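Trainee: Provided below for reference: sequence and predicted model.
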Amino acid sequence: MNSEKNSACAAKRSTADPLNDPRLGAARKRLVESRNEEDAIEGLREIVANLLGCEEIGLFRVDRRTATVQLRWSFGIDLEHYDLLRALGDAGLQRVMGGECHVDLAARDRSGATANAQAFVPIRVANQTIAILAILRLLPQKLAFDRADMELFKLLSDEAAKPLFGQDARSTPPTDGPGMTA
């Protein structure tokens, strides 16, 4: 699936019909009805845990001015054993910055141990990636991401920025910096 993954979050809006996919409708409703940034982050955690089957999540804000990626929020991630940029690699980071999801079914942590599936979802505004959602280690009962999960990734990529970052979502400069650093 690693070769298929990069088409999952193209720089276009999700074409899935939320009326025919209750997961998408529930996720969209949870994001739209968020009362503030804290509630939106809790909504994101609920979506990833309940609909994607994962409880290790990190939200990294992209600062193009300083060419850095900084952890904004995480849940369940052992940060001593996790490095976003190393996990993604240069090619993966470029694809995510370009608006594509990156899904890896044979991921490894810093110790080299296999960490099962992980996904990196670009959070975008006006065709610019302003944040990266890292989804790590699926729950034991879930073996892989499926097509419905890919549609959920598209929805998050397209629609999570405003609830998560509010007005800050519009203030990200459009210029690309040199290679990103953590």
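Mentor: Good, I have the coordinates.
Trainee: torsion angles phi and psi at Arg72?
Mentor: Phi and psi for Arg72, reported as degrees, to the nearest 10, are phi -100, psi -40.
Trainee: what's the burial count for it?
Mentor: Arg72 has 16 neighbours, counted by other C-beta atoms under 10 Å. From N, CA and C alone the C-beta is placed, and that goes for glycine too.
Trainee: would you check how far apart Val96 and Glu37 are?
Mentor: Val96 is 22 Å from Glu37, where distance means C-beta to C-beta, to the nearest Å.
Trainee: actually Arg61, not the one I typed
Mentor: Counting by C-beta to C-beta, the separation of Arg61 from Glu37 is 12 Å.
Trainee: residues that sit against both of these two, list them.
Mentor: With contacts defined as C-beta atoms under 8 Å, 6 or more residues apart in numbering, the residues adjacent to both Arg61 and Glu37 are Phe165.
Trainee: okay, the two: which has more neighbours?
Mentor: The neighbour comparison of Arg61 against Glu37 (other C-beta under 10 Å) goes to Arg61, with 18 against 15.
Trainee: spit out the contact partners of the residue lying closest to the more buried one once chain neighbours are set aside.
Mentor: Excluding the flanking residues, the one nearest Arg61 by C-beta to C-beta, 6 or more residues apart in numbering is Arg72, at 4.5 Å. Residues in contact with Arg72 (C-beta under 8 Å, 6+ apart) are 59-61, 131.
Trainee: which one of those residues is nearest Ala27?
Mentor: Nearest to Ala27, judged by C-beta to C-beta, of those is Leu59 at 15.5 Å.
Trainee: and that closest one, which of the three is it?
Mentor: Judged by DSSP: H, G, I helix; E, B strand; the rest coil, the three-state class of Leu59 is strand.
Trainee: next one: it from Pro140, what distance?
Mentor: Going from Leu59 to Pro140 by C-beta to C-beta gives 24 Å.
Trainee: more neighbours, these two?
Mentor: Set Leu59 next to Pro140 and count neighbours by other C-beta under 10 Å: Leu59 wins out with 21 against 8.
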